[in-house]
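Chemist: next comes the sequence, and after it the predicted model I'd like to discuss.
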Amino acid sequence: MDRNQIGNLLAHQKIRPTSNRISIYEAILQQNNTFSLLNIEDALLELDKSTIFRAMTLFEEKHLIHSIEDGSGSKKFCLCRNHGHCQEYEDHCHLHCELCGNTLCLETIPIPDIALPDGFIVKRTNYIIQGICPYCPKKKTN
C-alpha cells in the first residue's frame with residue numbers, strides 16, 4: 001500500500017491524513033504480527049512519542065488496528081485486515097509465547113462463542129492462549 005492509498009484509507013475512515021499519520025500507518029503495515037507502541041516508536045525515531053500514541057489511539061477508535069491484552073503488561077496491537085470494516089465473527093485468538101514473549105495472531109482460529117448468563121452484555125472479547133510458539137528459538141521440550 002503506497003502513501004496515497006494510505007491517505008485515502010485514513011480519509012475514508014474520517015481521519016485527517018497528515019504526513020505523520022501516514023508514516024505511522026506505514027510502520028504498522030511493516031509489522032509481521034502483533035506489535036506494541038514501542039515497536040512503532042522504534043521504527044519512527046524521528047516522530048514524537050505522543051504523536052505516535054495519539055495516532056494509534058485514533059486508529060484503534062476507527063478500527064484500523066485492534067488492541068490485545070496478552071498478560072505481559074504491555075498492550076499489543078494487530079492490524080485490521082479489513083481496514084476498519086471488520087465483523088465480530090472475524091475476531092481471532094492469539095498465542096503469547098512464554099519463552100520469547102511474542103504474541104502471535106491465530107487468524108484462522110476464531111474466538112469461541114461463550115454463552116453468558118442472562119443480563120450480561122459482552123462489549124469486547126480477548127482470547128489469549130499461553131504457550132510456546134512454533135518459531136521460538138528457545139524452544140524446550142516440556
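Modeler: Thanks, I have it.
Chemist: what is the neighbour count of residue 38?
Modeler: 11 (other CB atoms under 10 Å). In short, each C-beta sits where N, CA and C put it, glycine included.
Chemist: go on, residue 133?
Modeler: Based on other CB under 10 Å, the number of other residues close to residue 133 is 19.
Chemist: thought it was touching residue 105?
Modeler: No - in this structure, residue 133 is not within contact of residue 105 by CB atoms under 8 Å, at 11.3 Å.
Chemist: need phi/psi at the nearest residue to residue 131 once chain neighbours are set aside.
Modeler: The shortest distance from residue 131 to any residue other than its chain neighbours is 5.7 Å, reached at residue 95 (CB to CB, 6 or more residues apart in numbering). According to degrees, to the nearest 10, the main-chain angles of residue 95 amount to phi -120, psi 130.
Chemist: which helix of the chain spans the most residues?
Modeler: helix 49-61 (DSSP state H).
Chemist: just want the most central residue of this protein.
Modeler: residue 78 (1.7 Å; CA atoms, centre = their mean).
Chemist: what is the host helix or strand of it packed up against?
Modeler: Counting by DSSP states H and E, the element that carries residue 78 is strand 76-79. If you count contacts as 3 or more CB pairs under 8 Å, 6 or more residues apart in numbering; DSSP states H and E, strand 76-79 packs onto helix 19-29, strand 35-36, strand 65-68.
Chemist: from what I see, residue 97 and residue 134 are in contact.
Modeler: No - contact criterion CB under 8 Å: residue 97 and residue 134 do not qualify, at 9.3 Å.
Chemist: between the two, who's got more neighbours?
Modeler: Neighbour count, other CB under 10 Å: between residue 97 and residue 134, residue 97 has more, with 20 against 9.
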